[in-house]
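Novice: I need the structure of the sequence given here:
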Amino acid sequence: MPHDDADNTDAHAKPAGTQTLLRGLALLEWVAAGVTDVKGIAAKLGTPRSTTHRMLTSLVAEGYLHHIPHKGYRLGSKLIHLGQKALEQRPLVAIARPHLEALAARTGDTIHLGIAEGDEVFYLDKIAGTRGLEMRSRTGQRMPLASTGIGKALMLGLPVARWAGLHTQACPDKATDDAAGPVRPSPPPWPEFAARMADYAAWGWAFDLEENELGIRCVAAPVRDAGGGVVAAISVASAAPYMPDARMRALGPQVRATADAISGALGWNAE
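Specialist: Below is the predicted model:
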């Protein structure tokens, strides 16, 4: 929320141009906060109504504000364009990295960041754990959504009607598998998978219980953008001995908190 100009005690210390700029920015913030009439904006800025009207007229002319007769002022199209540009200039990996590094330091486990591309997870980033473990995941790799923890966290942003199809795609063909040798890991049968997904949706995080790679378990949570949509997910992964059920349950809120912090940096507001 912008501050009232009346308590701006250092106003006289600022150059005139800086004062004008800051007052114009404060005006935009008050309009964004819902103060939309000349009288109200003037009161918040502590400026005469005539001065306020001139500022409003200039901002409308430049596209920063839009005036609706009898309803007042609204943010204009130029601010929408600038907001979109601001989002484009804040790449996900760069924003997420400090949060992922902090999570890696706290857990000692391998951390992943991924997005959905079609019916697969695309891994954007990976921070290796400190336990000396190797796992097949790597940056740039793709895996079925329904077979991975990070993929299931991404599925929480998809319509429930899509879950069954994604589950089918993640399950290996039995005839092919028999011919190829040992059975590969896969999600559990659909009824059990659906029940687990319902739990994950309620919790806000998801598990991979060796469904993608034998001996590897993980806890994952979705990352949201300013509109609340799931745009990415993060996970903490380690060998099964380091991931007993009790630890996975304890990690869930921590992973979700990190995902929420990244979401907040992307403009998401939980309220």
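
Novice: so where is this structure shaky, pLDDT-wise?
Specialist: 1-16, 87-90, 173-183 (pLDDT under 70).

Novice: Show me which helix runs longest in it.
Specialist: helix 245-265 (DSSP state H).

Novice: Same question for it: list its buried residues.
Specialist: Within helix 245-265, the residues that qualify as buried are 247-248, 251-252, 254-256, 258-265, counting by 16 or more other CB atoms under 10 Å. (Glycine included, C-beta is placed from N, CA and C.)

Novice: quick check, nearest of the residues you listed to Ala198?
Specialist: Gly252 (15.2 Å; CB to CB).

Novice: residues contacting the closest one?
Specialist: Counting by CB atoms under 8 Å, 6 or more residues apart in numbering, Gly252 touches 203-205, 219, 221.

Novice: ok, now how distant is it from Ser77?
Specialist: Between Gly252 and Ser77 the distance is 42 Å, computed by CB to CB, to the nearest Å.

Novice: go on, Val121?
Specialist: Separation of Val121 from Ser77 (CB to CB): 36 Å.

Novice: got it, and Arg97?
Specialist: Here Arg97 is placed at a distance of 33 Å from Ser77 (CB to CB).

Novice: what does Ala239 give?
Specialist: Distance from Ala239 to Ser77, by CB to CB: 53 Å.

Novice: three-state assignment of Ala43?
Specialist: The three-state assignment at Ala43 reads helix, by DSSP: H, G, I helix; E, B strand; the rest coil.

Novice: just Leu25 next, same as before
Specialist: Judged by three-state DSSP, the three-state class of Leu25 is helix.

Novice: Val35 versus the residue located most distally from the centre of the chain, what's the distance?
Specialist: Ranking residues of the chain by C-alpha distance from their mean position (CA atoms, centre = their mean) puts Ser50 at the top, at 42.8 Å. Distance of Ser50 to Val35, given as CB to CB: 18 Å.

Novice: before we move on, back to that, which one of Val121 and Ser77 has more residues nearby?
Specialist: A direct count of neighbours by other CB atoms under 10 Å for Val121 and Ser77 places Val121 higher, at 32 against 11.

Novice: which secondary structure element contains the more buried one?
Specialist: Following DSSP states H and E, one finds Val121 within strand 120-127.

Novice: ok, now Gln84?
Specialist: Gln84 is part of helix 77-88 when elements are defined by DSSP H and E.

Novice: Need the contact partners of that helix.
Specialist: 28, 62-64, 66, 225-226, 266-267.

Novice: Return the distance of that helix from the chain's centre.
Specialist: How far helix 77-88 lies from its chain's middle: 18 Å, per CA atoms, centre = their mean, to the nearest Å.

Novice: Can you name the next helix or strand after it?
Specialist: Per DSSP H and E, the helix or strand that comes after helix 77-88 is helix 92-107.

Novice: can you state the direction angle for that following helix and helix 245-265?
Specialist: Here helix 92-107 runs at an angle of 150 degrees relative to helix 245-265 (axes from the mean of the first three to the mean of the last three CA atoms, to 10 degrees).

Novice: just the angle between helix 92-107 and strand 120-127, please?
Specialist: Using the same axes, to 10 degrees: helix 92-107 against strand 120-127 is 60 degrees.

Novice: now for helix 92-107, which elements pack on it?
Specialist: Helices and strands touching helix 92-107, by 3 or more CB pairs under 8 Å, 6 or more residues apart in numbering; DSSP states H and E, are strand 110-117, strand 120-127, strand 230-239, helix 245-265.

Novice: Among those, which comes closest to Leu209?
Specialist: It is, among the helices and strands packed on helix 92-107 and with distance given as CB to CB, helix 245-265, at 8.4 Å.

Novice: quick check: angle from that closest one to strand 230-239?
Specialist: Using the same axes, to 10 degrees, the inter-axis angle of helix 245-265 relative to strand 230-239 is 150 degrees.

Novice: Helix 245-265: how far from the chain's middle?
Specialist: Distance, centroid of helix 245-265 to centroid of chain: 13 Å (CA atoms, centre = their mean).

Novice: That'll do, ta.
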